[in-house]
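S.K.: A structural model of the following input is requested.
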Amino acid sequence: MRNQRFVVLLAVLAALTLCPAGAALADDLQTVGDPGALGFSARRLARMTSWFEAQSEKGDPSGFVVGIARGGKLAYLQATGFEDHDKKMPMRPDSIFRIGSMSKQITSVATMILVDEGKLDLDAPVAQYLPELRDMQVVKKDPVTGDPILSDVARNIFEPAKRAMTIRDLLRNTSGLVYASPDYADPGFENAAIHVLYGARAPFRRDKPIADFVASLGALPLLHQPGEVWEYAIGYDVLGRVIEVVSGQPFDQFLQSRLFAPLHMVDSGFSVPQDKLARLVAVPGPQPQPPFANSDVGKPQTFFSGGGGIVSTVPDFLRFCQMLLNGGELDGVRILKPETVRLMTTNSLPPKMYIAGHEVGPAFGTGWGLGFAVRTSPDFSYIPGAVGSFNWQGSWGTFFSIDPAQKLILIMMMQRSEHSENGFYFDAIRRLPYAALNVPEAPAPVASGQGNAGALAEYVGRYVFGGSASSLDRQTSVADGNGWTGLESVIAGTDGLRVIKLADTGPAAKAGVMAGDLITAIDNKSIKGLTLEAAFRRISGPVNAAIKFEIIRATQSGPLVVAFAREAVPAQSVALQVSVVDGKLVVEATGQWSILDFDKGQPTPVAVRSKDELQVESGDHTRIAFVRDAAGKVNGAVLNPGPWEQRGVLAQ
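M.R.: Numbering: from 1, shown residues only. Next up is the predicted model:
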């Protein structure tokens, strides 16, 4: 017994020795620290809590768990609402969620563990490990339009692949595979039939192992030539089978022994054991259909879906993210090499690669590494934070983001059956935490008095600051210019821009543009053959400027012409209304989001600091510097001038 204790003591000492100085310890992620010491405004974090509480009261989602870590320490962990709205069971910090496509990042890390060990070659053909996927054929494409030739598909006439799909292709969604369900077929796309074909011949069967699913893929064609098109696909489920073959372990056992146990992710897996079922969050509303129908995770699973089948908690996923932020290690346990993490979180897509479906690509400021979406633009991206930040989300309503520049981790988990509206909540977790970061105060004193009421009147107006509540998460849209068309999702093809989704109240929709329309010309100039970025430059323009689309619609015999005017960015943006009340200048947030000291419905007085510069005397002492044009007329405002400044333009 004495020898056993000595061995245990040596192991503990070794673990302490291996843990490098400054590395995050698990205890740092279990107890919420002082927000101020971690660079946050406690008042603005409380504002975030109130926002999520208000959303929980709607009942769908019934509740949230939000976790924020900075510098390896837990800054915020808050549960709001209910695990089960009908049963009035309160949400708790360790409530268990179906994380959907956030399973992909776990599968990616598991894959790269084997790459690091030299057991798996990134650029080897997948068929080297899965012979049933050898010599896969590819759907023929029309040489003019690039569309799949569906008549050939019906007759099983395909062409050979130019090269074999590789492990790297599976990780970066360039394998040529698609999702095995019509749920992933974008409206208006002719290739929807291919997704249906996958759904019919290679369905996700919860009662069958991954091996059976992969075997069924061998008889199906690839939609794209490997390496030529980025399309969100079933590659991560295939990787689960690759891991089984290479490691000699079932995929669930490999994850448990090589990832979950070493990282102390105690509530993560493919199912929830009976003694933890009370913490499983219910999904409100009608239950989703395949491939999302893995909601019955209270029973042991047979199909271990590496693309969407894992359950986890915010505390568990914080550990996973902290490992990545640390360069592959946590608590002295190394999961991946630092250079491997860098490779995974660096854009791997060529600039001219065709992007199908999701909002990835240069026009969206977003690339794709090996399992992660990566921010590539400093001005606009669907990923919060600095260039190099990386994230993803799950269809059930989970989201995470890691910002290496700020050493910041954001995680939000909820459960919703209708995933198309999740973006509203993802906007909140990307904006509110950055808006809560403290801005260094300037030392200059505030001048006495409010200034001349007549002089203050020239500052009156509405100032628009773009789509972000923090300069550290810039969201000045390069896609839509200063004016808004309401085109939310489009895809470029050889014949023009296909409209996937538009804002119901946007100017394009009000003018008659519909999902599925093909825009072939903008302002009488053809856009056929243009890249997405080049087409967006044609769409860009100032507020109130006219724009004209020439459109082909499937239900119309000839082209349509739709003309309208670009509008100001809607209320989702950050805006401030400056007014004079009783001889004093007051400022109020009027957009979708509060910003710094300014809240919606709460006019806040500001005092003169110097000429054209004012400051809130209480709270976080936000400064406003007004900007003038060449004629000396106020035409903009800057919040907290300096490295963290945010610039707004006078909109009226």
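S.K.: The nearest residue to Gly307 once chain neighbours are set aside is in what secondary structure piece?
M.R.: Distances taken as C-beta to C-beta, 6 or more residues apart in numbering place Tyr236 nearest to Gly307, at 3.9 Å, with adjacent residues excluded. Bear in mind the C-beta positions are built from the backbone N, C-alpha and C, glycine included. Using DSSP states H and E, Tyr236 maps to helix 235-247.
S.K.: Packing partners of that helix?
M.R.: helix 103-116, helix 167-172, helix 210-217, helix 251-255 (3 or more C-beta pairs under 8 Å, 6 or more residues apart in numbering; DSSP states H and E).
S.K.: wait, what's in contact with the residue nearest to Gly307?
M.R.: Ser103, Lys104, Thr107, Ser108, Leu170, Gly306, Gly307, Gly371 (C-beta atoms under 8 Å, 6 or more residues apart in numbering).
S.K.: I'd assumed Val311 was in contact with the first one.
M.R.: It refers to Ser103. No - with contact taken as C-beta atoms under 8 Å, Ser103 and Val311 are classed as non-touching, separated by 9.1 Å.
S.K.: Nearest residue to the middle of the chain?
M.R.: Trp392 (4.4 Å; C-alpha atoms, centre = their mean).
S.K.: Enumerate the positions of whichever strand or helix holds that residue that are buried.
M.R.: Trp392 is located in strand 390-394, with elements delineated by DSSP H and E. Using 16 or more other C-beta atoms under 10 Å as the test for burial, strand 390-394 gives Phe390, Asn391, Trp392, Gln393, Gly394.
S.K.: Relative to Ile149, which of those is nearest.
M.R.: The shortest approach to Ile149 among the buried residues of strand 390-394 belongs to Trp392, at 33.2 Å (C-beta to C-beta).
S.K.: Phi and psi next, for Leu133.
M.R.: phi -100, psi 20 (degrees, to the nearest 10).
S.K.: same check, this time on Leu324
M.R.: Per degrees, to the nearest 10, the backbone of Leu324 is at phi -70, psi -40.
S.K.: Averaged pLDDT, stretch 272-291. What do you get?
M.R.: Average pLDDT, stretch 272-291: 80.
S.K.: ranges for the helices of the stretch 401-550 of the chain?
M.R.: Using DSSP state H, counting those that start in this stretch, the helices of the stretch 401-550 of the chain run over residues 423-435, 453-456, 507-511, 532-539.
S.K.: Reformat the ones you listed as TSV; add mean pLDDT and distance to Asp207.
M.R.: Formatted as TSV, the helices of the stretch 401-550 of the chain follow (pLDDT from 0 to 100; distance: least, C-beta to C-beta, whole Å):
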stretch	mean pLDDT	distance to Asp207
helix 423-435	90	33
helix 453-456	72	71
helix 507-511	94	43
helix 532-539	77	41
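S.K.: tell me the most buried of those helices?
M.R.: The highest mean neighbour count among the helices of the stretch 401-550 of the chain, using mean count of other C-beta atoms under 10 Å, belongs to helix 423-435: a mean of 21.
S.K.: elements contacting that helix?
M.R.: helix 42-56, strand 63-70, strand 398-403, strand 408-413.
S.K.: how about a cut-off of 6 Å?
M.R.: Contact partners of helix 423-435 among helices and strands, from 3 or more C-beta pairs under 6 Å, 6 or more residues apart in numbering; DSSP states H and E: strand 408-413.
S.K.: could you give the mean pLDDT of the strand it packs on?
M.R.: Mean predicted lDDT for strand 408-413 stands at 98.
S.K.: Kindly format the C-alpha coordinates of it as PDB.
M.R.: This file holds the C-alpha atoms of strand 408-413, laid out as PDB (Å, rounded to 0.1, in the frame of the first residue of the first chain):
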ATOM      1  CA  LEU A 408     -11.300  34.600 -25.100                       C
ATOM      2  CA  ILE A 409     -13.700  31.700 -25.300                       C
ATOM      3  CA  LEU A 410     -17.500  32.100 -25.800                       C
ATOM      4  CA  ILE A 411     -20.000  29.300 -25.500                       C
ATOM      5  CA  MET A 412     -23.800  29.300 -25.600                       C
ATOM      6  CA  MET A 413     -26.000  26.300 -25.500                       C
END
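S.K.: where in the stretch 551-652 of the chain is pLDDT low?
M.R.: The stretch 551-652 of the chain contains residues with pLDDT under 70 at 568-572, 652.
S.K.: Can you show me the strands along it?
M.R.: Assigned by DSSP state E, counting those that start in this stretch, the stretch 551-652 of the chain shows strands spanning 560-565, 575-581, 584-589, 604-605, 607-610, 613-615, 623-628, 634-639, 646-650.
S.K.: and of the helices and strands packed on helix 235-247, who's closest to Asn438?
M.R.: Closest approach to Asn438 among those (C-beta to C-beta): helix 103-116, 29.7 Å.
S.K.: C-alpha coordinates for the closest one, CSV please?
M.R.: Output of helix 103-116 as CSV, limited to C-alpha atoms (Å, rounded to 0.1, in the frame of the first residue of the first chain):
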residue,chain,number,x,y,z
SER,A,103,-19.4,17.3,-32.7
LYS,A,104,-17.4,17.9,-35.9
GLN,A,105,-14.7,19.8,-34.0
ILE,A,106,-14.4,16.9,-31.5
THR,A,107,-14.1,14.4,-34.4
SER,A,108,-11.5,16.6,-36.1
VAL,A,109,-9.3,16.7,-32.9
ALA,A,110,-9.7,12.9,-32.6
THR,A,111,-8.6,12.5,-36.2
MET,A,112,-5.5,14.7,-35.7
ILE,A,113,-4.5,12.8,-32.6
LEU,A,114,-3.9,9.9,-34.9
VAL,A,115,-2.1,12.1,-37.4
ASP,A,116,0.2,13.4,-34.7
